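> Have a look; sequence and predicted model below, questions after that.
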Amino acid sequence: MLTAYFDDSGTHEKSQIVMVAGIFGTIGKLRCLESTWAKHLAAPLGTKAPLKRFHMYDCFNSIGEFTGWSRTETDYFCHQLQTETIESGVSAYGMACARKDWDELVTGDMRAALGNPEGQCVRNCFVKTIGWGRLILLLRK
């Protein structure tokens, strides 16, 4: 069975950049990755208090559960999670769109067909994920 997880960023009206990104793979690979991440969240850097969740914004800005973390600590923790994700064998895809450019360039009938930047990012991610899934199924035959 194949599955995917996606998240958005900047989808509020005032944001300059809209982004949707995610990971996809077999349930087994994603469960393994989830387990590995859970270990990092339970004992971050081996010395920090357990984390409930990972939020990149909080980590990057050393706020919330990352209050008091140095830039070196947050960067290294992100590197650890990134390495686990790459080594897990899952696939990833993301799309970002500059809202101002989209609003200026995609107008009239094209706007009616393509919609807003959020919709474009979501559709693009789904199309790429479906294409990946089809390729995986073909390779298994």
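In hand now; what should we look at?
> how deep is the closest residue to residue 76 other than its chain neighbours tucked in, by neighbour count?
Closest residue to residue 76 apart from its sequence neighbours, by CB to CB, 6 or more residues apart in numbering: residue 45 at 6.9 Å. Where C-beta positions appear, they are placed from N, C-alpha and C, glycine not excepted. Residue 45 has 12 neighbouring residues, counting by other CB atoms under 10 Å.
> cool, and residue 83?
11.
> Need the residues that contact the strand or helix carrying it.
If you go by DSSP states H and E, residue 83 is part of helix 71-88. Here helix 71-88 makes contact (CB atoms under 8 Å, 6 or more residues apart in numbering) with 23, 25, 29-30, 32-33, 36-37, 40, 44-45, 48, 54, 56, 59-60, 62, 66, 69, 92.
> Tell me which strands the very next helix or strand once past that helix pairs with, and in which orientation.
Using DSSP H and E, the helix or strand that directly follows helix 71-88 along the chain is strand 91-98. The pairing partners recorded for strand 91-98 under DSSP bridges are strand 17-26 (antiparallel).
> Now name the helix or strand holding residue 51.
Under the criterion DSSP H and E, no helix or strand holds residue 51.
> what separates the residue nearest to residue 76 from residue 104, distance-wise?
To residue 104, residue 45 is 44 Å away according to CB to CB, to the nearest Å.
> again with residue 41
Residue 41 sits 41 Å away from residue 104, taking CB to CB as the criterion.
> Between those two, tell me which one has more neighbours.
Between residue 41 and residue 104, counted using other CB under 10 Å, the more crowded position is residue 41 (17 against 9).
> what sits against the more buried one?
50-54.
> Of the residues you listed - the most surrounded one?
Neighbour counts for the contacts of residue 41 (other CB under 10 Å) peak at residue 51, which has 18 neighbours.
> Setting aside sequence-adjacent positions, which residue approaches that residue most closely?
Closest residue to residue 51 apart from its sequence neighbours, by CB to CB, 6+ apart: residue 41 at 4.5 Å.
> Surely that neighbour forms part of a helix?
Yes. Under DSSP: H, G, I helix; E, B strand; the rest coil, residue 41 sits within a helix.
> measure it to residue 23 for me?
Counting by CB to CB, the gap from residue 41 to residue 23 is 16 Å.
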